[in-house]
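Peer 1: Please find the sequence and the predicted model below.
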Amino acid sequence: MTISNKIKVSVELRPFHKVWLQKGGEYAFGGGIAEILAAIRKTGSIKAAAESLDESYRYVWGRIQKTEEILGVKLIETTVGGQGSQRTQLTDFAQRILDPFLRFEANTRKQIEREFNRMMKLINTYQLK
């Protein structure tokens, strides 16, 4: 019986990460608030966005307020009353930060995946002596 001198690491291993921005050491902007803003942009409503994310209105509104407080800038503008459901829209700042952040997050994920694959290749080609 021969014993292989190569190590094979499970292909079930996957890297995990979270990317967020801090201001003064405090969480300022990340995937959660980006997801909320994207849902508001799509639905035009905080209530509809909360429903689409399976979150409460209160939770979504609280996250928006906390982020606005930390960043010192408004993220949404609401129109009270009127016809239709498109009563909430993103501010110019929210529009400017959302898509670049989502691209940054996606690019970070791709880079981590590349480095992970490089690491796994090195591990799986390691020869025992």
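Peer 2: Good, I have the coordinates. Numbering: from 1, shown residues only.

Peer 1: pLDDT weak spots in this protein?
Peer 2: By pLDDT under 70, the low-scoring segments of the chain are 1-11, 81-86, 126-129.

Peer 1: cutoff 90 now
Peer 2: Low-confidence segments of the chain (pLDDT under 90): 1-16, 78-87, 119-129.

Peer 1: Is residue 35 located within a strand, as I assumed?
Peer 2: No: looking at residue 35 with DSSP: H, G, I helix; E, B strand; the rest coil, it is helix, so not inside a strand.

Peer 1: Identify the residues contacting it.
Peer 2: Neighbouring residues of residue 35 by C-beta atoms under 8 Å, 6 or more residues apart in numbering: residue 53. C-betas here are computed from N, CA, C, even on glycine.

Peer 1: Mind giving me the packing neighbours of the host helix or strand of residue 100?
Peer 2: Using DSSP states H and E, residue 100 sits in helix 92-124. For helix 92-124, the packing partners by 3 or more C-beta pairs under 8 Å, 6 or more residues apart in numbering; DSSP states H and E come out as helix 31-43.
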